[in-house]
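Chemist: structure for the following, please:
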Amino acid sequence: IEEGRHRGLPWLVAVSERLSKGDQAASMRLMRKTPKVVAGLEEDLGDYPFSVVGGITTGLDPGFALENQTRPTYPAVGASATSLVVHELAHQWFGDDIAVERWSDIWLNEGFATFMEWRWTETHGGRSADAIMRSYYANVDASSAFWQVVVGDPGAAKVFDGAVYGRGAMALQALRNRVGDEVFWRVVRTWIREQRGGNGSTAELEELAARVSGQDLGAFFDVWLRTPAKPAATADNGLG
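Modeler: Residues are numbered from 1 along each chain as shown. As a prediction, this is how the structure comes out:
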């Protein structure tokens, strides 16, 4: 267990003693990144929504990480899996502070958390989020099942399908391209402010994006969230 404060925010992280000594050391190095990742996310998203932050690396092997409020839980994945920490801590805003209205809105959790991984890469010396999105687009064939998932309502069998994460993040970067960087981040921060402590729906995000941007985005969201096909590479779809 280690704890401290970073920019006034208390943090506490823990690593299971059931792990090997090597995994314990690597996992603690990863967990120590938690406060700095939160500080980085705050630059885009505003104040962290809770009074403490942390993380736990379990000695179990659940096969996934989980965004438990203020204490995300991770399997032993090594010291370099920063993007996983970014994803779970982004969920503190998107999923924990703002819960989904219905499970059909799950892309609001997973799409935003995945997009913030891309954003972290963009701001830490890697490819831009737009380049990552376009790589996805170029390398996933139109015939792929990836494009058949309706991410705005994937159904119980597909609720955590990879498309909910990937296409959800693509939709957000495409929106960023469509409305421009300044307006996009205003949409995101307004969403966080207006929905804080409540439940958000896709319809509410669409209304907000239209209101803040002053654009009719109905066709845009139809293509990305409700059409089981690969979007056309047009400027209206954020792919021009």
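Chemist: buried ones in the lengthiest strand in the chain, by neighbour count?
Modeler: Criterion DSSP state E: the longest strand present in the chain is strand 9-15. For strand 9-15, burial by neighbour count (16 or more other CB atoms under 10 Å) applies to 9, 11-15. For glycine as for every other residue, the C-beta is placed from the backbone atoms N, C-alpha and C.
Chemist: repeat for stretch 99-109
Modeler: For stretch 99-109, the neighbour count (16+ other CB under 10 Å) marks 100-101, 104-109 as buried.
Chemist: keep only those of the residues you listed that are in strands.
Modeler: Filtering those for strands - DSSP E - leaves residue 100.
Chemist: need the buried residues of stretch 99-109 in TSV with distance to residue 66 and pLDDT, can you?
Modeler: What follows is those, written out as TSV (distance: CB to CB, whole Å; pLDDT from 0 to 100):
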residue	distance to residue 66	pLDDT
100	15	97
101	21	97
104	20	97
105	19	98
106	14	98
107	18	98
108	17	98
109	12	98
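Chemist: between the buried residues of stretch 99-109, which sits nearest residue 34?
Modeler: Nearest to residue 34 among these is residue 109, at 19.3 Å by CB to CB.
Chemist: does that closest one touch residue 95 like I think?
Modeler: Yes: between residue 109 and residue 95 there is a contact under CB atoms under 8 Å: 3.9 Å.
Chemist: which residue ranges form the helices in this structure?
Modeler: Here the chain has its helices, by DSSP state H, at 21-31, 34-45, 82-90, 107-123, 129-139, 162-179, 181-195, 202-213, 218-221.
Chemist: mind putting these into CSV with distance to residue 236?
Modeler: Shown next, in CSV, are the helices of the chain (distance: least, CB to CB, whole Å):
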stretch, distance to residue 236
helix 21-31, 41
helix 34-45, 25
helix 82-90, 28
helix 107-123, 20
helix 129-139, 15
helix 162-179, 7
helix 181-195, 16
helix 202-213, 13
helix 218-221, 6
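Chemist: go through those and name the closest to residue 1.
Modeler: Across the helices of the chain, residue 1 has its closest neighbour in helix 21-31 (9.5 Å, CB to CB).
Chemist: give the other helices and strands that the closest one contacts.
Modeler: When contacts are defined as 3 or more CB pairs under 8 Å, 6 or more residues apart in numbering; DSSP states H and E, helix 21-31 packs onto strand 9-15, strand 53-57, strand 73-74, helix 82-90.
Chemist: average pLDDT for the shortest one?
Modeler: Okay, so that is strand 73-74. Averaging pLDDT along strand 73-74 yields 98.
Chemist: other SSEs contacting it?
Modeler: helix 21-31, strand 53-57, helix 82-90.
Chemist: ok, and what's touching that strand?
Modeler: Contact partners of strand 73-74, identified using CB atoms under 8 Å, 6 or more residues apart in numbering, comprise 27, 30-31, 55-58, 62, 65-66, 81, 84-85, 88.
Chemist: mind redoing it with 6 Å?
Modeler: 56-58, 65-66 (CB atoms under 6 Å, 6 or more residues apart in numbering).
Chemist: stretch 216-230 too?
Modeler: If you take CB under 6 Å, 6+ apart as the criterion, stretch 216-230 is touched by 142, 147-148, 150-152, 171, 206, 209-210, 231, 237.
Chemist: got a winner among these for most neighbours?
Modeler: residue 151 (27 neighbours; other CB atoms under 10 Å).
Chemist: surely that one touches residue 167?
Modeler: Yes: contact status for residue 151 versus residue 167: in contact at 4.9 Å, counting by CB atoms under 6 Å.
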